[in-house]
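S.K.: could you work out the structure for the sequence below:
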Amino acid sequence: MGRYEADGLATILPLPGVNANKYSRGKLILFAGSAAFPGAACLAACASQQAGAGYTEVITAPRAVQVVQVARPSLVVRSWSGIYDEELQSNTLEKPCAYVLGPGLDLEKKHTSALTYFVLGNAEAPVLVDGGSLAVLNSAAGMTMCVNRSRDGFPTVLTPHAGEAQRLAAGYDMPLHDPAQLAVTLALYYKSIVVLKGPVTFVSDGFDVFSLAQGTPALAKAGTGDVLAGIIGAFMAQGVAPIDAAVLGVTLHSKAGCIAAEELTVVSVTAEDVIANIPTAIGAVINPPMAHVAPPIPAAVAPFPPAGI
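M.R.: Coordinates of the predicted model:
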């Protein structure tokens, strides 16, 4: 079982250079939200900005556009009407980008399948799959798309909770009662990074598996998964390797939840409170609190005489 040390996380965290601009800092494109669930798009998008994405664009249902625009004016928001006639932006060194696909997409709507296949089949960039789009992958065609993306050098990150993980595993011989091994096996089958969410979250690329248990039951609230998707997506958009982005994202998400719970109690924390505390969590990674060191004992009261006397 692997682990990341605190100082290692600090080196992973992408800090903007003095000559940075909104494009060089990474563009995150979210296909998220629906008429029924516009809030998921708002949460993921706002979290991505707090996690450092230089430019966040939300492509959402026509009836959700205004709701997301009101959530935060700095977001670029547009309808997915006509999106299939467009060419998706590719990830480049000059203009890095990533995609988040699925938060708030309706499980029963045809557009969820169409958007999922469109993005996975055309995005030459890292893609995180969450929410409604995860259900689309539970098919031979869905798995094949993930495998093909890996073959072509484009990483995919899957962020299921336990129930979604079991659906992804349906029809295959997978260790459903061992979450660590299930994360590894799903990653191998789907050729993806898997973030298996729970009280202990397991992150695996099919070879290594990382156990992340710094969370709090305060995160057991609707919308916190959308926040996590936005955080991880933002780090991938800034050029962080997907496995590192996943571990860093889960860690900061947990820290933000714990910080919020200290002020608000584990009862009252909401997804919005987690977003509000992302900056403090990032600050704790950049400048970790110093360990307490007892001051030296003055020579005049030292309990033992100096050596040689």
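S.K.: okay, CA-based contacts and neighbour counts for the rest of this
M.R.: Fine.
S.K.: burial count for Tyr172?
M.R.: Counted with other C-alpha atoms under 10 Å, residues neighbouring Tyr172 total 10.
S.K.: roughly how far apart are it and Met143?
M.R.: With the distance defined as C-alpha to C-alpha, to the nearest Å, Tyr172 ends up 12 Å from Met143.
S.K.: kindly report the same for Trp80.
M.R.: Taken as C-alpha to C-alpha, the span from Trp80 to Met143 is 24 Å.
S.K.: now Tyr55
M.R.: 30 Å.
S.K.: those two: who's more crowded?
M.R.: Neighbour totals were compared for Tyr55 and Met143, and Tyr55 leads with 23 against 18 (other C-alpha under 10 Å).
S.K.: what's the closest residue to the more buried one other than its chain neighbours in contact with, if anything?
M.R.: In space, and not counting its chain neighbours, Tyr55 is closest to Lys27: 4.6 Å by C-alpha to C-alpha, 6 or more residues apart in numbering. Residues in contact with Lys27 (C-alpha atoms under 8 Å, 6 or more residues apart in numbering) are 53-57, 95-98, 234, 237-238.
S.K.: of these, closest to Lys221?
M.R.: Lowest distance from Lys221 to the contacts of Lys27 (C-alpha to C-alpha) belongs to Ala234, with 21.5 Å.
S.K.: the closest one: neighbouring residues, count only.
M.R.: 35.
S.K.: surely it touches Tyr55?
M.R.: No. Using C-alpha atoms under 8 Å, Ala234 is not in contact with Tyr55, being 9.3 Å away.
S.K.: list the residues that contact both of those two?
M.R.: Common contacts of Ala234 and Tyr55 (C-alpha under 8 Å, 6+ apart): 26-28, 49.
S.K.: which one of the residues you listed is nearest Val129?
M.R.: Leu28 (13.2 Å).
S.K.: that older thread, highest neighbour count among the shared contacts of Ala234 and Tyr55?
M.R.: Leu28 leads these on contacts (other C-alpha under 10 Å) with 30 neighbours.
S.K.: tell me which helix or strand that residue sits in.
M.R.: Per DSSP states H and E: Leu28 is located in strand 27-31.
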